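# just the structure for this:
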Amino acid sequence: MARRPWVWLTCAVVLTTWLPYLFGWWLTPPGMRYFWLIYNPDDQNVHLMWARQAMEGAWHFHDLYTTEPHPGLFVNLFSLALGWFCRWTGISLHLGYQLFRTLAAVAFLWTVHWFGTLFLKDERGHLLFLLLVAFSSGFGWVLVLWWWVTGQRPPVFLLDVSPELMMPEANSFLSLTVAPLATLGATLAMGALGNWWLALKPNCLARKRRLKLALLFGLLVVNVHTYAAIPMLIAVALWQGGNLRQWRHTLPTTLGFLVPSALVLFCQALVFSCDRAFAQKAATPTLTPNPVILIGSYGFVALGALLALPKIWQERRGGAKEWELPMAWLVAILIAIYLPVRFQRKMIEGLHVVLCLLATVWLAPHLGRFRCEHFRWALVGLVMLTVPSQIAFFALNGYWLVHNNLIYDKRFNPPYSRRLMPPYYLSEHHLQLFRWLERHSDRQDGVLCHPMLGNYLPVLTGRKVFVGHWAETLNFPAKLRLATAVWEGSLPVELARQLFRTHQLHFALETEFERAAAQGTTALARYGKVVFQVGNNRVFRLRW
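Numbers count the residues shown, from 1 in each chain. Have a look, this model is predicted:
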């Protein structure tokens, strides 16, 4: 593919991913601040919580969304780089996160183009593959449109777009828009697999360099996004298992990549298991839906990939081996996402890329019959056919932004709510409370506040919170009930004293969120005294 189309397409995709953020910035109400987040702010703030600690000089991270003691063994190179970058440049973590997301998107699209050239020899096929990866989605938009028009919830939603559960890691465009870690995971996995594949070639003149690059990318993906490394390593093992006759030539190269990567993965798993905060997070159920929902979530791309299988099988019987790696990766991902573990769906990164690659095998010969001008219109038509779920995703984010995620919409049956999902905008009064806490508290001080604020507080102050994230906060439901009892004043003083001492809770916030949880008025004065106030918002120093 010529350089100019690649450059223009990359720019178009990346700029498109910025549109909902610019819309959110444009909507910013007076007296509020926008934090350059869309979709689910809670998970994105987790990555920024790690980066905040890196910005303050840490290189291994604690979970600031929980107050239980834990060793804080987690190390993540993406968060380290982001924290250091924001420290050196002075820009905010949230804006730095978006700049890193943009760079990750560019790296991903470049890697997709390069990965495609290893298997597709036709330049039109390269362009078709890149377009499918960049824009294609499934049939989820049909169900979202039904829900919006009729107000009735359908029996299921698909994963490419939904007002409920979505899987950004399962779709390339969604990852490019809201999930830079998932984007990097797929990018590094492609870089590792592609360089390992080239190192296996008998005529490879730079085998050692390719193997070193494959190992570098493999080790990086183990650290940056560990879940993507598991199907990557399974794919390499599957390929080698299917090519035992060539073991004299291929086994040393395969082991040179597989063994170090697997050892580092084992060490990473050991670190997770030794840190109770991260072990519980890994045990949080994030299960893969049934295959029918999965196929519907990829739509025409899944259909094209299925139609390509007979052609690939025929070529394989004829002696062609170039499709062994994509097929091994596809099978590895399908195995991984249905393993009997609780984090199944997090290992789905890369599935969309492989399906698009296989769909290109089937589509390219059909579109290749068109002349140049007609071919371009055919590509436009294909994009329009596969992009509607991305448009629906933007529309949903516009709806959430307009309501600042504080939604209880009775037009729908059942009523639609984004319960406990943090807002996109915080008031200047909230930020003044945060700034006071940052100046007048120690890093070991715990803060009691509602999760709506608790999700932002560790990022903006570096302080830990009692409740802040449904998965990162240990025993979140029980702790939220305890917090509500404090706000309502129903927790006996002796139990409150024990709670505050156990969790090192020295401060509490009172804002509209805590008052709403207490049905109008909090009883925090029973447990502490006001040390700072702006408007109706207060910081309490807890007595014990």
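# and residue 87, how many neighbours?
When counting by other Cβ atoms under 10 Å, one arrives at 16 neighbours for residue 87. The C-beta positions use only the backbone N, C-alpha and C, and glycine is treated the same way.
# the spatially closest residue to residue 197 that is not a sequence neighbour: how many residues sit nearby?
Spatial nearest neighbour of residue 197, excluding adjacent residues (Cβ to Cβ, 6 or more residues apart in numbering): residue 325 at 5.1 Å. Using other Cβ under 10 Å, residue 325 has 22 other residues around it.
# so how far is residue 190 from residue 325?
11 Å (Cβ to Cβ, to the nearest Å).
# so residue 532, which state does it fall into?
The three-state assignment at residue 532 reads strand, by DSSP: H, G, I helix; E, B strand; the rest coil.
# poorly predicted segments of the chain, please.
1-3 (pLDDT under 70).
# can you give me the strands for it?
For the chain, applying DSSP state E gives strands covering 32-34, 408-409, 416-417, 425-427, 446-448, 464-465, 505-510, 528-534, 537-542.
# now the longest one, how far from the centre of its chain.
From the chain centre to the centre of strand 528-534 is a distance of 37 Å (Cα atoms, centre = their mean, to the nearest Å).
# over to the fourth one?
When distances are taken as Cα atoms, centre = their mean, strand 425-427 is centred 23 Å away from the chain's centroid.
# how about the fifth one?
For strand 446-448, the gap between its own C-alpha mean and the chain's C-alpha mean amounts to 27 Å (Cα atoms, centre = their mean).
# show me what it pairs with in its sheet, parallel or antiparallel.
Sheet pairing here is set by DSSP bridges, and for strand 446-448 it gives strand 464-465 (parallel), strand 505-510 (parallel).
# what's the most buried one of the strands of the chain?
Of all those, strand 464-465 carries the top mean neighbour count, a mean of 28, counting by mean count of other Cβ atoms under 10 Å.
# returning to what we had before: wait, the residue nearest to residue 197 touches residue 198, no?
No. Residue 325 lies out of contact with residue 198 (Cβ atoms under 8 Å); the separation is 10.3 Å.
# based on its surroundings, how many neighbours for residue 412?
Neighbour number of residue 412 under other Cβ under 10 Å is 16.
# which non-adjacent residue is nearest it?
Using Cβ to Cβ, 6+ apart, the closest residue to residue 412 is residue 151 (4.9 Å).
# contact partners for the one you found?
Residues touching residue 151, when contacts are defined by Cβ atoms under 8 Å, 6 or more residues apart in numbering, comprise 411, 412, 413.
# could you chop this structure up by domain?
3-30+92-395, 428-542 (automatic domain parsing).
# how near is the closest residue to residue 222 other than its chain neighbours to residue 189?
Distances taken as Cβ to Cβ, 6+ apart place residue 229 nearest to residue 222, at 4.4 Å, with adjacent residues excluded. When distance is defined by Cβ to Cβ, residue 229 is 7 Å away from residue 189.
# identify the contacts common to the two.
residue 221.
# tell me if I'm right that residue 47 and residue 78 touch.
Yes. Assessed by Cβ under 8 Å, residue 47 is found in contact with residue 78 at 7.4 Å.
# find the residues that touch each one of these two.
Here residue 47 and residue 78 have 180, 181 as joint contacts, going by Cβ under 8 Å, 6+ apart.
# residue nearest the centroid of this structure?
Compute the mean C-alpha point of the chain, and by Cα atoms, centre = their mean the closest residue is residue 179, 3.7 Å away.
# without its sequence neighbours, what residue ends up closest to that residue?
Using Cβ to Cβ, 6+ apart, the closest residue to residue 179 is residue 168 (4.2 Å).
# so who does that neighbour touch?
Neighbours of residue 168 in contact, by Cβ under 8 Å, 6+ apart: 39, 174, 175, 177, 178, 179, 182.
# taking the residues you listed, please make a PyMOL selection of just the buried ones.
Here is the PyMOL command that selects the buried residues among the contacts of residue 168 (16 or more other Cβ atoms under 10 Å):
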select buried, resi 39+174+175+177+178+179+182
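# which members of the contacts of residue 168 are the farthest-apart pair?
The span of those, defined through Cβ to Cβ, is set by 39 and 182 at 12.1 Å.
# burial count for residue 486?
For residue 486, using other Cβ under 10 Å, the count is 27.
# separation between it and residue 276?
Relative to residue 276, and taking Cβ to Cβ, residue 486 is found at 24 Å.
# kindly report the same for residue 297.
Distance from residue 297 to residue 276, by Cβ to Cβ: 34 Å.
# the two: which is more packed in?
Ranked by neighbour count (other Cβ under 10 Å), residue 297 and residue 276 place residue 297 first, with 27 against 16.
# quick check: the more buried one touching residue 143?
No. If you go by Cβ under 8 Å, residue 297 and residue 143 don't touch, sitting 10.5 Å apart.
# shared neighbours, those two?
Contacts common to residue 297 and residue 143, judged by Cβ under 8 Å, 6+ apart, are residue 158.
# need the contact list for residue 443.
Contacts of residue 443 by Cβ under 8 Å, 6+ apart are 462, 463.
# correction: the previous question concerned residue 396.
Per Cβ under 8 Å, 6+ apart, neighbours of residue 396: 144, 161, 163.
# of those, which is the most crowded?
residue 161 (28 neighbours).
# is it true that it touches residue 140?
Yes. The criterion here is Cβ under 8 Å, and residue 161 meets it with residue 140 at 4.1 Å.
# between the two, what contacts are shared?
389, 392.
# circling back: identify whichever of the strands of the chain lies nearest to residue 122.
strand 32-34 (44.4 Å).
# distance between that closest one and the chain's centre?
Worked out by Cα atoms, centre = their mean, strand 32-34 lies 23 Å from the chain centre.
# what of stretch 130-149?
With Cα atoms, centre = their mean, you get 19 Å for stretch 130-149.
# ok, now stretch 16-31?
On Cα atoms, centre = their mean, the centre of stretch 16-31 falls 20 Å from that of its chain.
# can you redo the domains of the chain as a markdown table with distance to residue 83?
As requested, the domains of the chain are arranged in a markdown table below (distance: least, Cβ to Cβ, whole Å):
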| stretch | distance to residue 83 |
| --- | --- |
| domain 3-30+92-395 | 8 |
| domain 428-542 | 11 |
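# for residue 63, which of the ones you listed is the nearest?
domain 3-30+92-395 (3.9 Å).
# is residue 288 in contact with residue 339, as I believe?
No. With contact defined as Cβ under 8 Å, residue 288 and residue 339 do not form a contacting pair (9.3 Å).
# of those two, who's got more company?
Neighbours per residue (other Cβ under 10 Å) separate residue 288 from residue 339, with residue 288 holding more: 21 against 14.
# residues in contact with the more buried one?
294, 337, 338, 344, 345, 348.
# which residues are in contact with the nearest residue to residue 448 once chain neighbours are set aside?
Closest residue to residue 448 apart from its sequence neighbours, by Cβ to Cβ, 6+ apart: residue 508 at 4.0 Å. By Cβ under 8 Å, 6+ apart, the contact list for residue 508 reads 447, 448, 449, 486, 524, 527, 528, 539, 540, 542.
# what is the nearest of the residues you listed to residue 309?
residue 449 (53.2 Å).
# and the closest residue to the closest one other than its chain neighbours, bridged to which residues?
Distances taken as Cβ to Cβ, 6+ apart put residue 509 closest to residue 449, at 3.9 Å, once the chain neighbours are dropped. For residue 509, the beta-bridge partners are residue 539 (DSSP bridges).
# quick one: residue 509 from residue 437, how far?
The value you get for residue 509 to residue 437, if Cβ to Cβ is used, is 8 Å.
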